[in-house]
Structure formats: structure tokens, C-alpha cells
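Undergrad: Okay, predicted coordinates and the sequence, questions at the end:
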Amino acid sequence: MKKLFTFPNPVNDAAARSVALGVVTMCLVSLVTNWAWILIPLTYGFLARVATGPTLSPLGQFATRISGPRLMRWQKFVPGPPKRFAQGIGAVLTLAATTTWLSVGWSFARWFLVPLVAAASLEGFLGFCLGCTAFGWLMRWGVIPETICEECNDLSKRYAAAGYPIAGKS
């Protein structure tokens, strides 16, 4: 059971970008069609990815098994903890949207999807993870302990393993 509730580390960036594009698609369909019910699978997906990585997430399974491996251009591996943090932000936004929809209506709930579309678009289209950036800031400020992601502090080992030159070393 403990193995079920783990998050991959490292994460295939192509799969992460595929998930982000799926989130953008679901959010835009929901906003354009006024289908608030899409919040339910969207929220479930974020909660499942935070808890188990792609294991219990249909979108995560699609991204890791089908779309991610086919996107060779973006095949690189990145640390998992910042990606999990980003999924947590998505879970908070979708939970807020779902709660708002059920309590006061769709006209208010839809606004929670706007920052989600923006952040997921940055990740999906440009490869810039806003949640990962926030994770890095929180580590620098001491809010998140360095032990959570030792690799996030020193990426030189990852770059060296990938064959990139490291400044100051020959």
C-alpha cells in the first residue's frame, strides 16, 4: 500500500507537459461550454496525482504510457517533488472551484480555472512550471526543507550525467 502512495522521482518532463495540456483542454472545454461537471474529473485527477503520481490518474496514465514517450523532443527528467507541489496547487484550485460551484454556482467557480489555465499553459506549451518555480523560492526562503529535494539545490549532478559541461569543472 505504501508503494501506491508515492510520486515518481525523477519525472519525465514530456509526460508532465502532456498532463498540463490535458488540464488546459479540460478547463477550456468547461469554460467554453459551461459544463461545470468537468470539475469533478479535473479535481479527481489532481488529487490522484498528488497522492499517487500517475498511478490512479487517467490523464497521468495517458501521459506516462502514450503521449509522453512519443514526445521525444521534450524527453528529459526533472525532480519529482516540485512537480508534486505543482499538482498540489492544481488540487487546491480545483477543490476551491468545485466547492464554489456546489455552494454558490458556476458563475463564481469558473474564475478559479483562469489561473489554472494560465499555469498549465506555461507548463504545457513552454515547459515553464510555475509551481516548480514557487517550490524553488520556498526552498530558498527555508519554508520547504532542503532535504525534501536535495537534487533541486544542486542540479550539477544531473547536468553532468546528461553530458553537459559544468562551470568551473573540466
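TA: In hand now; what should we look at? Numbers count the residues shown, from 1 in each chain.
Undergrad: what about residue 35, how many neighbours?
TA: Residue 35: 12 surrounding residues under other C-beta atoms under 10 Å. Quick note: C-beta positions are derived from backbone N, CA and C, even for glycine.
Undergrad: Below-threshold pLDDT in the chain: ranges please.
TA: Counting by pLDDT under 70, the chain contains low-confidence ranges at 1-2, 72, 74, 153-170.
Undergrad: what sits up against stretch 47-59?
TA: If you take C-beta atoms under 8 Å, 6 or more residues apart in numbering as the criterion, stretch 47-59 is touched by 4-8, 15, 19, 22-23, 41, 44-45, 60-61, 63-64, 80, 84, 87-88, 91, 95.
Undergrad: tell me which residues of it are tucked away?
TA: By 16 or more other C-beta atoms under 10 Å, the buried positions in stretch 47-59 come out as 47, 48, 49, 50, 51, 52, 53, 54, 55, 56, 57, 59.
Undergrad: and what of stretch 119-129?
TA: Across stretch 119-129, burial judged by 16+ other C-beta under 10 Å covers 119, 120, 121, 122, 123, 124, 129.
Undergrad: Please convert those to CSV, extending it with distance to residue 99 and secondary structure.
TA: Output for those, formatted as CSV (distance: C-beta to C-beta, whole Å; DSSP: H, G, I helix; E, B strand; the rest coil):
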residue, distance to residue 99, secondary structure
119, 19, helix
120, 20, helix
121, 24, helix
122, 25, helix
123, 24, helix
124, 25, helix
129, 25, coil
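Undergrad: Which members of those are the farthest-apart pair?
TA: Spanning the widest gap among those are 121 and 129, at 11.6 Å by C-beta to C-beta.
Undergrad: So what would you say the end-to-end distance of stretch 44-59 is?
TA: Separation of the first and last residues of stretch 44-59 by C-alpha to C-alpha, to the nearest Å is 10 Å.
Undergrad: what's the longest helix in the chain?
TA: Longest helix in the chain by number of residues (criterion: DSSP state H): helix 80-103.
Undergrad: now stretch 11-20, how far from the chain's geometric center?
TA: For stretch 11-20, the separation from the chain centroid amounts to 8 Å (computed by C-alpha atoms, centre = their mean, to the nearest Å).
Undergrad: Ok, stretch 23-31 next?
TA: Centroid separation between stretch 23-31 and its chain, computed with C-alpha atoms, centre = their mean, is 15 Å.
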